[in-house]
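[1] give me a 3D structure for the following:
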Amino acid sequence: MPGHLGAVGGMRDARDLDSSVTAVREVFEETGLLDVGHLPSAPWRLRAEARKGSVIPQCFFKFGEGAHVDWWVLLLSGPGTFVAAKDSAECADISRMLPHLPSAKLAPCFGHAWMEAARVPELPKSVELMGGLQRRVGEAVEALTARRFRG
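    Numbering: from 1, shown residues only. Got it, this is the predicted structure:
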């Protein structure tokens, strides 16, 4: 979904070498997005599966750190190639929130919505977001914009 964003989060497993591995693993487990299999921090099984028709993302980089969290942004090259998510049980049903999210669409994975990144500032104050997510999404958009203009 070009121009749209989704927020996925999770905890680092003991076997994750660093937060990039955690980010890739969580995105795949919770959304089934095969495109992340092209990233260097993807496990070999996901890399093999990704070769079957998904597209290499434009970029993936860390843009922020917190006391117990790293923030990564992923920019897809197309609409994304999805398979059934492995951890959909960890995701809540957010369909009730969709009317409150400008231009939001339910992603092809349970518990995630995609919305136009440019419309994040329009989120009503009544939509509660964890840990300053709205601010972090704005920072991710700024980081992507800065990287694009640097080349």
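
[2] please state the offset of stretch 27-37 from the chain centre?
    9 Å (C-alpha atoms, centre = their mean, to the nearest Å).

[3] list the contacts for Val27?
    Counting by C-beta atoms under 8 Å, 6 or more residues apart in numbering, Val27 touches 8, 33, 36, 74. Quick note: C-beta positions are derived from backbone N, CA and C, even for glycine.

[4] so in terms of bridging, what pairs with the last one?
    Okay, so that is Leu74. Beta bridges link Leu74 to Phe60, judged by DSSP bridges.

[5] give me the pLDDT for it.
    With respect to pLDDT, Leu74 scores 89.

[6] next one: the first one
    Per-residue confidence for Val8 comes out at a pLDDT of 75.

[7] distance across stretch 61-70, terminal residue to terminal residue?
    Using C-alpha to C-alpha, to the nearest Å, one end of stretch 61-70 lies 10 Å from the other.

[8] about what we covered before: max pairwise distance over the contacts of Val27: which two?
    Greatest spatial distance in these: Val8 and Val36, 10.1 Å, computed using C-beta to C-beta.

[9] more neighbours: these two, which one.
    Higher neighbour count among Val8 and Val36: Val36, with 25 against 19, using other C-beta atoms under 10 Å.

[10] of the contacts of Val27, closest to Leu17?
    Val36 (15.5 Å).

[11] confirm that closest one sits in a strand?
    No. Val36 sits outside any strand when classified using DSSP: H, G, I helix; E, B strand; the rest coil, being helix.

[12] which stretches of this structure have low pLDDT?
    1-7, 87-98, 100-115, 117, 127-132, 149, 151 (pLDDT under 70).

[13] show me where it has its strands.
    4-5, 59-65, 70-75, 105-106, 113-116 (DSSP state E).

[14] helices of this structure, start to end?
    Taking DSSP state H, the helices of the chain run over residues 19-31, 44-50, 133-150.

[15] possible to save these as TSV with distance to Thr81?
    TSV is the format used below for the helices of the chain (distance: least, C-beta to C-beta, whole Å):
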stretch	distance to Thr81
helix 19-31	11
helix 44-50	8
helix 133-150	21
